[in-house]
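Student: No sequence on hand, only this structure:
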């Protein structure tokens, strides 16, 4: 669902792309590259402005992704641009997804 959302942003014009990429990059800092790996359409929006994540241990990678994902969602949900997440079939989610 996030890939589709970022594709909509990508097709919304330069101003919206700039606002979205700036907000996400400011919120996630050096962790933006982690998200670009998981969401290729986000990588198109933030472009070469994100670093490729360094190889780290499993736990650190998990914490880094959680931080980046939560920061990204917080940056996308604003009073002027509310964000609604519809979680379908939540009963099938794994423990990691529920924690996130």
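Tutor: In hand now; what should we look at? The structure presented is a predicted model; accordingly, all values stated were derived computationally and were not measured.

Student: only C-alpha atoms for contact and neighbour calcs from this point on.
Tutor: OK.

Student: mean confidence for stretch 36-56?
Tutor: Stretch 36-56 carries an average pLDDT of 79.

Student: Provide the contact partners of it at residue level.
Tutor: 2-4, 6-7, 9-10, 17, 21, 25, 30-35 (Cα atoms under 8 Å, 6 or more residues apart in numbering).

Student: Go ahead and measure how far that stretch is from the middle of the chain.
Tutor: Per Cα atoms, centre = their mean, to the nearest Å, the displacement of stretch 36-56 from the mean C-alpha position of its chain is 9 Å.

Student: returning to what we had before: for the contacts of stretch 36-56, pick the one with the most neighbours.
Tutor: Among the contacts of stretch 36-56, residue 32 has the most neighbours (other Cα atoms under 10 Å), with 28 neighbours.

Student: Check the contacts of stretch 36-56 and tell me the two furthest apart.
Tutor: Across the contacts of stretch 36-56, no pair lies farther apart than 4 and 30, at 23.4 Å, counting by Cα to Cα.

Student: I'd like to know which of the contacts of stretch 36-56 are part of helices.
Tutor: Members of these lying in helices (criterion: DSSP state H): 2-4, 6-7, 9-10, 17, 21, 25, 32-35.

Student: Relative to residue 76, how far out is the residue lying closest to residue 77 once chain neighbours are set aside?
Tutor: Leaving aside its chain neighbours, residue 77 sits nearest to residue 83 (4.9 Å; criterion: Cα to Cα, 6 or more residues apart in numbering). In this view, residue 83 and residue 76 are 7 Å apart by Cα to Cα, to the nearest Å.
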